[in-house]
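Novice: sharing a model that was predicted from the sequence below.
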Amino acid sequence: MLVKKRGYFGKFGGCFVPEVLVPALKELEEAYFSLRKEESFKKELNYYLKNYAGRPTPLYRARNFSRSLGEVKVYLKREDLLHTGAHKLNNTLGQVLLAKKMGKNRIIAETGAGQHGVATATACALLEIECLIYMGEEDVRRQSLNVLRMKTLGAKVKKVKSGSQTLKDAVNEALRDWVTNVKTTFYVLGSVVGPHPYPVMVREFQAVIGREAKKQIIREEKRMPDYLIACVGGGSNSIGLFHPFFKEKTHFIGVEAGGLGLNTTKHAATLVKGKRGILHGALSYLLQDKNGQIRPTYSIAPGLDYPGVGPELSYYKEIKRAKFVSVTDKEALRGFFLLSKTEGIIPALESAHAIAYAKKISSLLQNKLVIINLSGRGDKDMHIIEKYF
Ligand SMILES: *Cc1c(COP(=O)(O)O)cnc(C)c1O
């Protein structure tokens, strides 16, 4: 619908990669666009989403939290209840199944906070395929629990010692691996970023969130919601919720990580503060300095700490289909405790950004019907929260 020329959303997106990767992306594009129409592929994926991962996730009317905002009707889309505790598994199940159908016998991925690594290792254990996760050495130290999870699931974790020893160095290593082993290897990307066809493919795997939410809200309220609110890191949980509502009158709000404040350099508000540029194979908004170098980012929420964003969201910004805002760490923490205490649901710090923004604009939301995407649960973040008691 939105892809006019393949791989472009307006002027964003594309496939800016070294020549050696072009055949691999072509092969992936052809396989994906033919398999996604095949009944047997859809049936198998749906089988796992339902019986293994626990879909459909509930659309829960949060009465107590709503009351704390005044006269607002808030529903939470409970991706925190999906197996492994976040929406990321929707995508990794899809991609790993696709890899199997393409006859690949090896999966690689890169991970920063470790959540995508865990979701990839999970899908690989289930579908019985070898799995190697690249992770910066600094991230391995910070996220030791997720490293243990991946190893427990049978994946190998390769520490990347180059550069800043974080996500972008892990991406470089994973790409190097892919170039060398492209015949046997499938590269599982964790969000709606990267070169075509990843942004459109990952969006489709995550759009199950919005398709379900639409059916569920019609069943409960007999009408479309006024607002959808979701946090934005790379953009997959937000576009997954938004996309099926594209033609409705529903307002979309994407909430980015304001970190220590937008007037500092310590944030990850890419769409709010970034400029256009090319990163990881696509043209999109980016956080960059005057010389076009990628700026280091920061957020209390590990999953929002990324200097780029999916090209489709950049397009939504351009055509004003969605509004992008940010909340600070401090505000996110308030949202985190507010939801925990009013509903008995501990949200992921990422999702707490969406919760906090609903609180922030509660006067605007009076008498409105709102869906917030609860992208994940907060258990993984308790070591970060510890300092705030
Ligand atoms: C990874 C992650 C995010 C951010 O990624 P998107 O691609 O923007 O969805 C948000 N919430 C949780 C719980 C995550 O694990």
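Specialist: Yep, it's here. Only a predicted model underlies this, so the values are computations on that prediction, with no experimental measurement involved. Numbering: from 1, shown residues only.
Novice: which strands border the helix or strand hosting Ala109, and is each parallel or antiparallel?
Specialist: For Ala109, the host element (DSSP states H and E) is strand 106-111. The pairing partners recorded for strand 106-111 under DSSP bridges are strand 130-136 (parallel), strand 185-187 (parallel).
Novice: so which elements touch the next helix or strand after the last one?
Specialist: The one in question is strand 185-187. Counting by DSSP H and E, the next helix or strand C-terminal to strand 185-187 is helix 198-206. Here helix 198-206 touches helix 88-101, helix 236-242, helix 311-318, going by 3 or more Cβ pairs under 8 Å, 6 or more residues apart in numbering; DSSP states H and E. From N, CA and C alone the C-beta is placed, and that goes for glycine too.
Novice: about what we covered before: in TSV: the strands paired with strand 106-111, plus distance to Gln143.
Specialist: Shown next, in TSV, are the strands paired with strand 106-111 (distance: least, Cβ to Cβ, whole Å):
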stretch	distance to Gln143
strand 130-136	8
strand 185-187	21
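Novice: need the strands for the stretch 251-389 of the chain, in chain order.
Specialist: Along the stretch 251-389 of the chain, counting by DSSP state E, counting those that start in this stretch, strands occupy 251-259, 275-279, 282-286, 322-328, 369-374.
Novice: format these as JSON lines; extra columns: distance to the ligand and mean pLDDT.
Specialist: Output for those, formatted as JSON lines (distance: least, Cβ to the nearest ligand atom, whole Å; pLDDT from 0 to 100):
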{"stretch": "strand 251-259", "distance to the ligand": "9", "mean pLDDT": "98"}
{"stretch": "strand 275-279", "distance to the ligand": "15", "mean pLDDT": "95"}
{"stretch": "strand 282-286", "distance to the ligand": "13", "mean pLDDT": "97"}
{"stretch": "strand 322-328", "distance to the ligand": "12", "mean pLDDT": "98"}
{"stretch": "strand 369-374", "distance to the ligand": "8", "mean pLDDT": "99"}
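Novice: quick one: which of those is nearest Val17?
Specialist: In terms of Cβ to Cβ, the element of the strands of the stretch 251-389 of the chain nearest to Val17 is strand 282-286, at 9.3 Å.
Novice: give me every residue that touches the most centrally placed residue in the chain.
Specialist: Centroid-nearest residue in the chain: Ser236, 3.5 Å away (criterion: Cα atoms, centre = their mean). For Ser236, the contact set (Cβ atoms under 8 Å, 6 or more residues apart in numbering) comprises His87, Lys88, Asn91, Gly190, Ser191, Val192, Val202, Arg203, Gln206, Gly310.
Novice: need the pLDDT of the last one.
Specialist: On the pLDDT scale, Gly310 is placed at 98.
Novice: and it, how close does it get to the ligand?
Specialist: According to Cβ to the nearest ligand atom, to the nearest Å, Gly310 and the ligand sit 7 Å apart.
Novice: oh, and call the first residue 44 from now on, that's how I've got it
Specialist: Yep, numbering from 44; the last one is Gly353 now.
Novice: contact partners for that residue?
Specialist: Counting by Cβ under 8 Å, 6+ apart, Gly353 touches Ser234, Val235, Val236, Pro242, Arg246, Gly277, Gly278, Ser279, Ile282, Ser327.
Novice: can you count the residues close to the residue in the stretch 94-243 of the chain positioned nearest to the ligand?
Specialist: Per Cβ to the nearest ligand atom, Ser234 is where the stretch 94-243 of the chain lies closest to the ligand, at 3.5 Å. Applying other Cβ atoms under 10 Å, we find 25 residues neighbouring Ser234.
Novice: nice, that's everything, thank you.
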